[in-house]
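S.K.: Provided below are the primary sequence and the corresponding predicted coordinates.
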Amino acid sequence: MHDSLFQRIESKREDLVALTCDLIRFPTVNPPGEAYTPCAEFLGERLRARGFEVSYHRAEGEVGDSARYPRTNVLARFNGRAPGPCIHFNGHIDVVAAGLGWSVDPFAPTVRDGKVYGRGACDMKGGLAAAVIAAEALLEEYRDFVGAIEVSGTVDEESGGYAGVGYLAKQGFFSRPRVSHVIIPEPLNVDRVCIGHRGVWWAEVETRGRIAHGSMPFLGDCAVRHMAAFLQKLESDLYPALAAKRTAMPVVPEGARQSTLNINSIHGGLQEDYDGLPAPMVPDSCRLVLDRRYLIEEDPEAVKDEIVSLLEGLKRDRAGFDYALREVLAFQPTLTDADAPVVRAVSAAIEQVLGKPAEQVVSPGTYDQKHVVRVGHLKDCIAYGPGILDLAHQPDEYVGIDDMIASAKVMAAATLALLGGAGGR
Ligand SMILES: [Zn+2]
């Protein structure tokens, strides 16, 4: 089954590598959101040349969008000979900053030993390229299919996706009846289907004190010491409680099957970017940003209440303690039904292509599925793609070419199944 389709995908190996390299050459670094428009247009014009209807959607008015850094998304649709199910492939075109430690140029892709190296190779331009090749091979093999195939390249996934999938979802582009199934080729490994992600709650906590001369701290009230008291509470009370919360979600890696808390940043006293001699001051403010990841079994309100009750306890028990809490970002967990058609189709295709059963996993971090589910109200959404999860955002990030080919076959076979078969050639 699918011999001719799979051969056609294999014959596109060089095209797939070239497309991946072409996408990596656009330095779509976010923040600030560099080169989005030329990258979106490159992808759009390629698909237009293959018969897709292509439209561009700039998220004007959304966070991050500006004349200098327009948030340009591309959406391409190919209608079959009659209306039917629509399978949508969504890839984010933004990448995180290259960072240090590269042995190759992150934006001049290198092909070596069966791998493509470059920023975004793994997360997720390799996956997006594999989806494009899968769609193109399908259209060449089955020109007469019933239904529709869509491919989108969207922005800002790395910063929450509001101006990307979030924006398109608000316009109705990720809802029924327009779209039936969504596959996001994020790097979750070629043999795994990702059915959801944990929840996220970011908040800034500020402790307040009173300024005074540093030689007479008793005349002031040190906000950093108040923050230290809060940190102590986290260590003694919250961390053990979080470690005890286990989930039934199949989160990978294993360590993320509990609730977690990271302290993203902390700052108190003299401004960080000041490079002169410091003055002796008692800091009157200390700010901390915390990143809480929670489980589908937890109530989002309770997640917030845990922090608030620690802070309220300190306010009661510790002289001079005062605080402010500001929510920065919140996304609820999502979990697609393990029996959903898109999960079954991709799992069956993995087994067919790789000769082993697919593993169902949940991502420790969030990705654009939340917008599809929460804004688009479309539950039939998964992540499936060729990159290795652990390589995302790392120096010398790469994607394996064999993995891209295998995942393109999986995506094409799953699409065919979801479309309801070939429908003639
Ligand atoms: Zn990604």
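M.R.: Arrived safely. Bear in mind the structure is a predicted one, so any value in this text is a computation, not a measurement.
S.K.: Tell me where the stretch 201-350 of the chain has strands.
M.R.: Remark: strands assigned in the stretch 201-350 of the chain by DSSP state E, counting those that start in this stretch are 260-268, 285-294, 322-331, 334-335.
S.K.: okay if I get those as TSV plus mean neighbour count, distance to residue 105 and mean pLDDT?
M.R.: Placement of C-beta: from N, CA and C, glycine included. Below are those laid out as TSV (neighbours: other CB atoms under 10 Å; distance: least, CB to CB, whole Å; pLDDT from 0 to 100):
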stretch	mean neighbour count	distance to residue 105	mean pLDDT
strand 260-268	15	29	95
strand 285-294	20	31	97
strand 322-331	14	33	95
strand 334-335	20	36	94
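S.K.: Adding distance to the ion, write those strands out as TSV.
M.R.: Formatted as TSV, these follow (distance: least, CB to the ion, whole Å):
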stretch	distance to the ion
strand 260-268	19
strand 285-294	16
strand 322-331	15
strand 334-335	15
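S.K.: quick one, which of those is nearest to residue 202?
M.R.: Ranking the strands of the stretch 201-350 of the chain by distance to residue 202, with CB to CB as the measure, places strand 322-331 first at 4.0 Å.
S.K.: Alongside the ion, which residues does the stretch 251-400 of the chain contribute?
M.R.: Contact residues (CB under 5 Å from the ion) of the stretch 251-400 of the chain with the ion: there are none.
S.K.: how does it look with 8 Å?
M.R.: 367, 392 (CB under 8 Å from the ion).
S.K.: Quick check: beta-bridge partners of residue 76?
M.R.: Beta-bridge partners of residue 76, counted by DSSP bridges, are residue 54, residue 151.
S.K.: about what we covered before: quick one: the strands of the stretch 201-350 of the chain as a markdown table, columns for distance to residue 182 too.
M.R.: Listed next are these as a markdown table, based on distance: least, CB to CB, whole Å:
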| stretch | distance to residue 182 |
| --- | --- |
| strand 260-268 | 27 |
| strand 285-294 | 23 |
| strand 322-331 | 17 |
| strand 334-335 | 12 |
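S.K.: Identify whichever of these lies nearest to residue 28.
M.R.: Closest to residue 28 of the strands of the stretch 201-350 of the chain is strand 322-331 (CB to CB; 21.6 Å).
S.K.: Give me the residues contacting the closest one.
M.R.: Applying CB atoms under 8 Å, 6 or more residues apart in numbering, the contact partners of strand 322-331 are 160, 199-208, 226, 230, 289, 300, 304, 307-308, 311, 314-315, 366, 370, 374.
S.K.: please redo it, this time with the cut-off set to 7 Å
M.R.: The set of residues external to strand 322-331 that reach it, using CB atoms under 7 Å, 6 or more residues apart in numbering, is 160, 199-208, 289, 300, 308, 311, 315, 366, 370.
S.K.: Stretch 109-124 too?
M.R.: Stretch 109-124 is contacted from outside by 17, 20-21, 24-25, 91-92, 95, 98, 104, 106-107, 126, 185-187, 385, 387-388, 391-393, 396-402, using CB under 7 Å, 6+ apart.
S.K.: could you pull out the helices for this protein?
M.R.: Taking DSSP state H, the helices of the chain run over residues 3-11, 13-25, 36-49, 126-141, 165-170, 223-233, 239-243, 300-317, 341-354, 369-374, 401-419.
S.K.: Mean neighbour count and mean pLDDT for the ones you listed - can I get that in a markdown table?
M.R.: Listed next are the helices of the chain as a markdown table, based on neighbours: other CB atoms under 10 Å; pLDDT from 0 to 100:
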| stretch | mean neighbour count | mean pLDDT |
| --- | --- | --- |
| helix 3-11 | 15 | 97 |
| helix 13-25 | 20 | 98 |
| helix 36-49 | 20 | 98 |
| helix 126-141 | 26 | 98 |
| helix 165-170 | 24 | 98 |
| helix 223-233 | 19 | 98 |
| helix 239-243 | 13 | 97 |
| helix 300-317 | 14 | 98 |
| helix 341-354 | 21 | 98 |
| helix 369-374 | 24 | 95 |
| helix 401-419 | 25 | 98 |
